[in-house]
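1. please find the sequence and the predicted model below.
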Amino acid sequence: MPTSNELSLKTTMPVGLYSSKQLYVIEQAWFAQGNNSFALMQQAAWQMVKHIEILYEEKCLNEQLAKQGIASRPVNRPCRVSVWVGKGNNGGDGWLVAYYLQQRGWQVQVITVGFEKQDFVIKDNIESSNEDNKNPIADATKALQLALSADCKYRCFENIDDRSMSALPADVYIDAIFGIGFNRAASAIYQQAICAFNEAAEHVKALVIAVDIPSGLVASTGQVFERVAIAADVTLCLIARKFGLHTKDGLDYSGAVIDIPLIPHLANDNALIPIATLINSPNRLKPRRQNSHKGSYGHVLIIGGNHIDNSQGMGGAAILSASSAMATGSGKITVACHKAYHGALLTSLPDAMSMDLHDTQGVKRLIKEASVIAIGMGLGRDEKAKLLFTEYLQAAVAEGKPIIIDADGLYHLASLHRENHMLIAELKTHSKTYQVCLTPHSGEAARLLNKKVDEIENDRLAAITEGAAIYGGDWVLKGAGSLILEQQSAQAHVYVCGVGNAGMATAGMGDVLAGVITGLWAQDDLKHELRSLHQAVIIHGLAGDVLVNQTRNNDDNLLLVGQRGLQAQDMPAAIRHVMHLITDSL
Ligand SMILES: NC(=O)C1=CN([C@@H]2O[C@H](COP(=O)(O)OP(=O)(O)OC[C@H]3O[C@@H](n4cnc5c(N)ncnc54)[C@H](O)[C@@H]3O)[C@@H](O)[C@H]2O)[C@@H](O)CC1
Ligand SMILES: [K+]
């Protein structure tokens, strides 16, 4: 997570993300060109060994610095590594890593998971076993045989009650149990092995390195079953970056990701077009024209903030959206919220104009005037709110306006879809000409798609694709590693947001995001790319990162704040700060 000072300097390139299926296609294309699969495994293992040595050196150095010069690297004994291998080719990588590290003087212990006694019988002629390159498991067998012939020490994992496992001393733990072949809940022995690995590595404070992907994490979706996966400090990602490392559970298990590309990709091959793109940096903005006025930067209309039956109040949602839109630099803001909140709105945001949410003629007049409309934040879910939503959405479509639908707006949209309301078809048609954006979290997406939340979470890419196909428009599926789908020239492109933090998992953050999108869209002095949906999501995430890293108190000293307790109301100031950092100086 960058600090606010680094933000102004650091720009990272977008990274293509791939599914397991695509990874296998890439590998097979490489082998079909006559390249040897075992040679690829050897190359992978040797490159990983070089990284492991450097990573371990770095860890020792950092610990040494932390202890003010007291050496933590073992001086009188070899470095110790515990390599846990499964039966697939990921395990094959592990056997070769063990073999090479032993040759480099490391003290090696291999822990095998799921193996039978006969798997360890030394074979006489391993060279001839895989000449035709057609049986991929033969590579793993060959790797095992090589390691055994070099007398690598190994033990079979029996079960989690085997206490000697938890006491295994090692400086580095390598996870090579599962790779991209893992796609369902692990069977009992593997679950136990993964838990034992995590416990043992934590117990001895070892550096944990995952080969290709942490075992237990599904490469194509980022799903972890029942929280059983290797918690890696570093993942050495082979051939191409896996989608699952960067969304959903992937962020909690992968640690730092280091790419080991191994083979060239053919960028013009359709099979190799990434399923998504990881983005961490916003596009930079130019300073504003001197000769401009508030009308040059758009008029935002926020419709939300209802007060239902004099009991339930949601005025804050609309106010948060409005302040966030303003913080991005939109020229003019009107908030159509319940009259009960007009006082609060003017107190917290005197720059905004107000309109009574229930004055339908007044709001529709504003819809005509506004450049962008955001609807739904704190709108309420009762029938009256639904009628308002339908009427205002219809008006915005009829007026040909860019529309952002969030929160309770999404709730009503799902109902309208179930009722087969014409408005859904009209919205979809509208989205082909005008910008439309839906911003659900997985609960809202589940309602929109008539699915269970788990179904959405287990394949977020499929969910966002299906949502855009049904309702049209661009989508943000919020959550860890938010997905952004943009319909670009009749093709959908998915981005994964690589910034933001768990402190942002708090009420009101969604309203803030809706505000950022609306505020950017209103500023049509900015080129399309500079006010795109992914730009808005990145700015929102960076603002959250700025807040949990540092902020300034009145004495201009740095005040360190963490994730817990982060409030949505803190965001507008941080958004404004990010807008400043990403704007070139005059
Ligand atoms: N020569 C090659 O083919 C190369 C392979 N590579 C490695 O190979 C890996 C992929 O190898 P594989 O396709 O063999 O896949 P894995 O090594 O992930 O293992 C698949 C094995 O695990 C089993 N399995 C999957 N899910 C399971 C579950 N939930 N419970 C129990 N068993 C389960 C499968 O039945 C299969 O036997 C990559 O991640 C990468 O590490 C790299 O070394 C590059 C070269
Ligand atoms: K692994």
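-> Right, received. Where do you want to start? Ligands and ions are numbered 1, 2, ... in the order given.

2. what residues does the protein have near ligand 2?
-> Residues of the chain lying close to ligand 2 (C-beta under 5 Å from the ion) are Asn90, Asp175, Ala210, Val211, Ser215. C-betas here are computed from N, CA, C, even on glycine.

3. what residues are bridge-paired with the fourth one?
-> Val211 has these beta-bridge partners by DSSP bridges: Leu236.

4. touching, it and Ala176? I think so.
-> Yes. With contact defined as C-beta atoms under 8 Å, Val211 and Ala176 form a contacting pair (4.3 Å).

5. contacting residues for the residue nearest the centre of the chain?
-> The centre of the chain sits closest to Gly481, judged by C-alpha atoms, centre = their mean, with a distance of 1.7 Å. The contact partners of Gly481, taken as C-beta atoms under 8 Å, 6 or more residues apart in numbering, are Gly222, His246, Thr247, Lys248, Gly250, Leu251, Val496, Cys497, Gly498.

6. please redo it, this time with the cut-off set to 7 Å
-> Gly222, His246, Thr247, Lys248, Gly250, Leu251, Val496, Cys497 (C-beta atoms under 7 Å, 6 or more residues apart in numbering).

7. and the pLDDT at the second one?
-> It refers to His246. On pLDDT, His246 comes in at 96.

8. ok, it touching Ala276?
-> No. The pair His246 / Ala276 is not scored as a contact, 8.3 Å apart, by C-beta atoms under 7 Å.

9. look at these two and report which has more neighbours.
-> Taking other C-beta atoms under 10 Å, His246 and Ala276 do not tie; Ala276 has more neighbours (25 against 22).

10. can you tell me how far the more buried one sits from ligand 2?
-> 21 Å (C-beta to the ion, to the nearest Å).

11. burial of the closest residue to Ser442 other than its chain neighbours, as a residue count?
-> Spatial nearest neighbour of Ser442, excluding adjacent residues (C-beta to C-beta, 6 or more residues apart in numbering): Ile456 at 4.4 Å. Applying other C-beta under 10 Å, we find 26 residues neighbouring Ile456.

12. could I get the contacting residues of Ile456?
-> Ser442, Ala445, Ala446, Leu449, Ala463.

13. let me see the contact set for the first one.
-> Applying C-beta under 7 Å, 6+ apart, one finds that Ser442 lies in contact with Val453, Ile456, Glu457, Leu477, Gly479.

14. and for the fourth one?
-> Contacts for Leu449 were tallied using C-beta under 7 Å, 6+ apart; they are Ile456, Ala463, Glu466, Gly467.

15. would you mind measuring from the second one to ligand 2?
-> What it means is Ala463. 26 Å.

16. which helix or strand contains that residue?
-> Using DSSP states H and E, Ala463 falls within helix 460-471.

17. and that helix, what's buried?
-> Using 16 or more other C-beta atoms under 10 Å as the test for burial, helix 460-471 gives Arg460, Leu461, Ala463, Ile464, Thr465, Glu466, Gly467, Ala468, Tyr471.

18. tell me how far that helix lies from the chain's centre.
-> 17 Å (C-alpha atoms, centre = their mean, to the nearest Å).

19. for it, enumerate the helices and strands it packs against.
-> helix 422-431, helix 442-449, strand 474-477, strand 483-488, strand 491-497 (3 or more C-beta pairs under 7 Å, 6 or more residues apart in numbering; DSSP states H and E).

20. tilt between that helix and helix 442-449?
-> Taking axes from the mean of the first three to the mean of the last three C-alpha atoms, to 10 degrees, one finds helix 460-471 and helix 442-449 inclined to each other by 40 degrees.

21. what residues are up against the residue nearest to Val15 when sequence neighbours are not counted?
-> The shortest distance from Val15 to any non-neighbouring residue, by C-beta to C-beta, 6+ apart, is to Leu278 (4.3 Å). Contacts for Leu278 were tallied using C-beta under 7 Å, 6+ apart; they are Pro14, Val15, Leu17, Arg241, His246, Val496, Gly498.

22. by proximity to ligand 1, which residue of the stretch 401-550 of the chain wins?
-> Nearest to ligand 1, among the residues of the stretch 401-550 of the chain, is Asn458, at 14.2 Å (C-beta to the nearest ligand atom).

23. Ala468 touches Leu485, doesn't it?
-> Yes. Between Ala468 and Leu485 there is a contact under C-beta under 7 Å: 5.1 Å.

24. which neighbours do those two have in common?
-> The contact sets of Ala468 and Leu485 overlap at Trp475, Ala492 (C-beta under 7 Å, 6+ apart).

25. now the strands: where do they sit in the stretch 201-350 of the chain?
-> 207-211, 234-238, 256-260, 276-279, 299-303, 307-308, 312-313, 332-337 (DSSP state E, counting those that start in this stretch).

26. how much space between the residue nearest to Val15 and ligand 1?
-> Going from Leu278 to ligand 1 by C-beta to the nearest ligand atom, to the nearest Å gives 19 Å.

27. heads up, I number from 9, so please use that
-> Okay, residue one is now 9; in that scheme the one you just asked about reads as Leu286.

28. quickly list what that residue is bridged to.
-> According to DSSP bridges, beta-bridge pairing links Leu286 with Val23, Val504.

29. which element is Leu109 on?
-> helix 97-111.

30. helices or strands up against the helix or strand following that helix?
-> Next helix or strand after helix 97-111 toward the C-terminus (DSSP H and E): strand 115-120. Counting contacts by 3+ C-beta pairs under 7 Å, 6+ apart, strand 115-120 packs against strand 88-93, helix 97-111, strand 161-164.

31. ligand 1 is nearest to which of the ones you listed?
-> Ranking these by proximity to ligand 1 (C-beta to the nearest ligand atom) places helix 97-111 first, at 3.0 Å.

32. give me the buried entries from the contacts of Leu286.
-> By 16+ other C-beta under 10 Å, these give Val23, Leu25, Arg249, His254, Val504, Gly506 as buried.

33. from ligand 1, how far off is the second one?
-> Right, Leu25. For Leu25, the distance to ligand 1 - C-beta to the nearest ligand atom - is 15 Å.

34. flag every residue of the protein that's near ligand 1.
-> Contact residues (C-beta under 6 Å from any ligand atom) of the chain with ligand 1: 35, 45, 48-49, 52, 94-99, 101, 144, 147, 186-195, 198, 219-220, 246.

35. generate a ChimeraX selection restricted to the buried subset of these.
-> This is how ChimeraX selects the buried members of the residues of the chain next to ligand 1, with burial counted by 16+ other C-beta under 10 Å:
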select :35,45,48,49,52,94,95,96,97,98,99,101,144,147,186,187,188,189,190,194,198,219,220,246
